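K.L.:
with the input below, show me the fold.
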Amino acid sequence: MSPRAGHGPSGDPAGTLPREEASPVPLAWLAMAGLAVVLALSPAYAQEPAAPGTATATDKAVQEALNPPKVPPEPDGYRTDDYRAPTPATLRGATVLDTDTAARLWRDRAALFIDVMPRDVKPANLPAGTIWRDKKRDDIPGSVWFPNVGYGLLNAQVDGYFRGGLESLTGGRHDAPLVFYCQTECWMSWNAAKRALEYGFGNVSWYPGGSDGWAKAGLPLETAVPRL
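P.N.:
All right, here's what the predicted structure looks like:
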């Protein structure tokens, strides 16, 4: 597997999403708002009069178009709580992938896919005879699963496990192409990708769609086994 050129750990590497350019998103939302208004005036979409004070479906569509979901800014450090929440659109030093691009890399075997979905740890104080079963995890086929490495704060043991695991997986090649993911709206993968950059890996990509977005696109999943 050959690394992709043009991705570096600092500066403005090729392939990294631009951070300074004006975003076309506001124009897109305005266009949607205009479409909602047109539909509201169209006879084909005429609705029965709503009761006073009741919002119609068109009213809701207009409000959603004029008030799009807020994308949080990229923080300077790691996210340390509320990991299942909207994530930033960028990660400095890394390439952000949509599902089509991630799938193309996967089909071409052009990157190492790394799942960082957390895994429940068996409690040490379980009563004798208690049966413990790990929760099933399905990830992108061919992925390597490093559980619990996406938290904002890692102890020395977990940090060593993650750093050593990446060194072993890549054969010490810090230019090896890596794709980190978890689930949709999951900060674990954002944290893990950021941490890999700080470990010195320079060809890092983040796939925020995660296994949810992958499955939604009709792409296959397989039962995962954590890397020990």
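K.L.:
next, Leu197: secondary structure please.
P.N.:
helix (DSSP: H, G, I helix; E, B strand; the rest coil).
K.L.:
repeat that for Asp175.
P.N.:
Assignment for Asp175 (three-state DSSP): coil.
K.L.:
next one: the one 4 residues further on
P.N.:
Put simply, Val179 is strand when judged by three-state DSSP.
K.L.:
list the contacts of it.
P.N.:
Neighbouring residues of Val179 by Cβ atoms under 8 Å, 6 or more residues apart in numbering: 97, 102, 105, 111-114, 205-207. For the C-beta atoms, the positions are set from N, CA and C on the backbone; glycine is no exception.
K.L.:
recalculate using a threshold of 6 Å.
P.N.:
111, 113, 205, 207 (Cβ atoms under 6 Å, 6 or more residues apart in numbering).
K.L.:
I figured the second one hits Pro141, correct?
P.N.:
Spelled out, it's Phe113. No: look at Phe113 against Pro141 with Cβ atoms under 6 Å: they stay out of range, at 8.6 Å.
K.L.:
just want to know which of the two has more residues nearby.
P.N.:
For Phe113 and Pro141, the more surrounded residue by other Cβ atoms under 10 Å is Phe113, and the numbers stand at 23 against 14.
K.L.:
would you map the strands across this protein?
P.N.:
Along the chain, the stretches classed as strands by DSSP state E are 95-96, 112-115, 138-139, 144-145, 178-181, 204-206, 222-223.
K.L.:
the last one pairs with which strands, parallel or anti?
P.N.:
When you say that, I think you mean strand 222-223. Strand 222-223 has the following strand partners under DSSP bridges: strand 138-139 (antiparallel).
K.L.:
in this protein, which helix or strand is least confident?
P.N.:
helix 25-41 (a mean of 47; mean pLDDT, DSSP states H and E).
K.L.:
shared neighbours, Phe113 and Pro141?
P.N.:
With Cβ under 6 Å, 6+ apart, Phe113 and Pro141 have no common neighbours.
K.L.:
so what's Gln183 closest to, chain neighbours aside?
P.N.:
The shortest distance from Gln183 to any non-neighbouring residue, by Cβ to Cβ, 6 or more residues apart in numbering, is to Gly210 (4.0 Å).
K.L.:
brain fart, Asp81
P.N.:
Nearest non-adjacent residue to Asp81 (Cβ to Cβ, 6+ apart): Gly152, at 7.3 Å.
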